[in-house]
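Q: The following block contains a protein sequence and its predicted model.
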Amino acid sequence: MAHVTRDAAPRIVLVGATGALGSAVVELIGDLGMAYRDVQLVASAGSAGRRAPLRGRLQPVVGLEDVDFGAADLVLFCAGEAVSRRWAHAASAQGALVVDASGAFGADPATPVVVPQVNGHLLHRRPSGPVAGAGPLTVALVPLLHGIEHRWGVRQVVLSSYQAASGLGHQGVEELLEGTELALHDPDAEPPADRFRPALAFNVLPLVGQLLPDGSSGEERRLVQETRRVLDRPHLDVTATCVRVPVAHGHAAAVYVEAESPVVRGELTELLASLPAVVVHDGGCTAAPPTPLTAGDPDRVHVGRIRVTPHNPRGIWLWLVFDNLRAGAALNLLRIARIALAGAGAGVG
Ligand SMILES: NC(=O)c1ccc[n+]([C@@H]2O[C@H](COP(=O)([O-])OP(=O)(O)OC[C@H]3O[C@@H](n4cnc5c(N)ncnc54)[C@H](OP(=O)(O)O)[C@@H]3O)[C@@H](O)[C@H]2O)c1
């Protein structure tokens, strides 16, 4: 059952293993050839007893009640906020490194929010509680801002997102596809609107997450909080409008950054291209900007439409496209795990 590579390799528990993000984590563990002693796949009681693939073999899925966190080195929570709130601290208290994808602890000052390329140093001492992986927009954005900040300083960030249905998991994609098919056959039919309300098919929804009393959304607030925390800029002027679009998979964002000093476009392009997890699509007038369908490598952030505004040489526009499950989440979770476990002597190698 286990892929035993060496004694120091971690015993991993993956909570939410049957979901969109959990499946991406399983896939990535295989693609990266990660060493582990054991991986336990965990899902809701409804899935317990099923089998799910792990490195080409089917493995049983268990419910949370059957997990012995005391026997785990690493627990990845990919099953929603409620599950994380109920179980993450308990798992951590039993000695496991806990990495949470749900955003449940992002506002808790005691929980580090981490994008390793920017603030991985927070993991050099083993965290005493859960570590929060930032949300996909933050994961894609902050390495770029970090680079720009070092060279020119960052005064303001304004982001508009175009987020795919898979941001709401398998059911989000199913609902989009079902609604699209229904509308193609009968334009007067009522499409399903359970995960997205109103329905997402042939629509654009300017609200991702809950509407908050100040008029912003949960997703927008998460982006602002996480960006400030990861960059360690608690008062950075960052604002966003997050929009759901009828795309199955792959988020995009248009980002305006006002730097502290004038920016030279060629230098900016070079700087972005030098960042390890970034692909710059910049071939002059003939280059097609990246799109969710055409961008390529799911483990990198694709940047195009790089502009310095003509009337303000401190103003920059960027167009980002990235796989919300791989580059935006799974890779970040596993990078966090790798660094934190290496610090504790158990390697994910
Ligand atoms: N989708 C993304 O782009 C993305 C990116 C970053 C972070 N996240 C976060 O990752 C989490 C999962 O999202 P997702 O998109 O993968 O959703 P999803 O496709 O709906 O998957 C949810 C997973 O959680 C499991 N689950 C639900 N209730 C559970 C319970 N009571 N006990 C144990 N397992 C339970 C489900 O198991 P069953 O199959 O048995 O129902 C399934 O494996 C969310 O917190 C989300 O915010 C998602």
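A: Done, it's in.
Q: Now do stretch 84-92, average pLDDT.
A: Averaged across stretch 84-92, the pLDDT comes to 97.
Q: ugh, wrong one, stretch 48-67
A: Stretch 48-67 comes out at a mean pLDDT of 92.
Q: which residues are contacting that stretch?
A: 1, 3, 13, 15, 17-18, 26, 29-30, 39-45, 47, 83, 87 (Cβ atoms under 8 Å, 6 or more residues apart in numbering). Just so you know, the C-beta spots here come from the backbone N, C-alpha and C atoms, and that holds for glycine as well.
Q: what's Val278 in contact with, if anything?
A: With contact set as Cβ under 8 Å, 6+ apart, Val278 has these partners: 143-144, 272, 300-303.
Q: among the contacts of stretch 48-67, which are within reach of the ligand?
A: 15, 17-18, 42-44, 47, 83 (Cβ under 6 Å from any ligand atom).
Q: circling back to that earlier point, restricted to buried residues, select the contacts of stretch 48-67 in ChimeraX.
A: Selection of buried members from those for ChimeraX, criterion 16 or more other Cβ atoms under 10 Å:
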select :3,13,15,17,18,26,29,39,40,41,42,43,44,47,83,87
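Q: mind listing which of the contacts of Val278 are in helices?
A: Judged by DSSP state H, the subset of the contacts of Val278 located in helices is 143-144, 272.
Q: for the residues you listed, which one is nearest the ligand?
A: Closest approach to the ligand among the ones in helices among the contacts of Val278 (Cβ to the nearest ligand atom): Pro143, at 16.5 Å.
Q: What is the neighbour count of the residue lying closest to the closest one once chain neighbours are set aside?
A: Closest residue to Pro143 apart from its sequence neighbours, by Cβ to Cβ, 6 or more residues apart in numbering: Gln117 at 4.7 Å. For Gln117, the count of nearby residues is 18 (other Cβ atoms under 10 Å).
Q: sec struct for Gln117, please.
A: Secondary structure, DSSP: H, G, I helix; E, B strand; the rest coil: Gln117 is helix.
Q: can I assume it is in contact with Arg300?
A: No. Using Cβ atoms under 8 Å, Gln117 makes no contact with Arg300, being 11.9 Å away.
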